[in-house]
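Participant: model this:
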Amino acid sequence: MRLHGPALKALRKAQGMSLRTLQAATGIDRRYLSHLETAEVDDVEAERADALAGALGVPTEAIADEGDTVTAEAIEAPVIDLDDELKRYTPEQVYALGWLPWSARKIKELAYAREIYAHRDGGRITLTREDIRRTSALGAIEPFQNPAA
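Facilitator: The predicted model follows:
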């Protein structure tokens, strides 16, 4: 089985996991994990793919690369528990996961201009899931309600 390296890396980073943490969770050597993320490994055993998917909390299909492109739905980070709502994501992580329609640079620019919901943690822009939901709602178009005649 071939894994989609960028999706694997995006999921790992979105969950705040280092290669060492993922190594501890799966028992797979971190150098090998790094090679997986950079697509230097052609074929992965199903057990290893299942262990990676389990540690990341996603189905194996979300990280598998069967020749098709991986969709945004496939790499969407799962909701693990309420503590995950408090986690802060960098603009790069938000962009990699496709949660907002802008590049990481544009997310930063909008946050500094206070045009989207975000946090300035010591001068560094971060976003919670609530910030992302509220920002997404900013561009929502309400359906026209025909006044009663």
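Participant: can you report phi and psi for the residue nearest the centre of the chain?
Facilitator: Centroid-nearest residue in the chain, with CA atoms, centre = their mean: Leu97, separated by 3.6 Å. When read as degrees, to the nearest 10, the backbone of Leu97 gives phi -90, psi -10.
Participant: how close does the residue nearest to it when sequence neighbours are not counted sit to Ile132?
Facilitator: Once flanking residues are discounted, Leu97 sits nearest to Ala14: 5.5 Å by CB to CB, 6 or more residues apart in numbering. (Glycine included, C-beta is placed from N, CA and C.) Computed as CB to CB, to the nearest Å, the Ala14 to Ile132 distance reads 12 Å.
Participant: count residues in the vicinity of Lys87, would you?
Facilitator: Counted with other CB atoms under 10 Å, residues neighbouring Lys87 total 16.
Participant: pLDDT at it, what is it?
Facilitator: You'll see Lys87 listed with a pLDDT of 86.
Participant: give the contact list for it.
Facilitator: 16, 128-129 (CB atoms under 8 Å, 6 or more residues apart in numbering).
Participant: show me which of the residues you listed is closest to Gly27.
Facilitator: Closest to Gly27 out of the contacts of Lys87 is Gly16 (19.9 Å), distances taken as CB to CB.
Participant: can you report phi and psi for the residue lying closest to Thr128 once chain neighbours are set aside?
Facilitator: The shortest distance from Thr128 to any non-neighbouring residue, by CB to CB, 6+ apart, is to Arg88 (5.9 Å). When read as degrees, to the nearest 10, the backbone of Arg88 gives phi -100, psi 140.
Participant: also the one 3 residues further on?
Facilitator: Backbone dihedrals for Pro91, given as degrees, to the nearest 10, come out at phi -60, psi -30.
Participant: how far away is Pro143 from Arg133?
Facilitator: Look at Pro143 and Arg133: by CB to CB, they are 20 Å apart.
Participant: neighbour count winner among those two?
Facilitator: Per other CB under 10 Å, whichever of Pro143 and Arg133 has more neighbours is Arg133, with 11 against 5.
Participant: just the element for the more buried one, please.
Facilitator: Remark: Arg133 resides in helix 129-138, with elements defined by DSSP states H and E.
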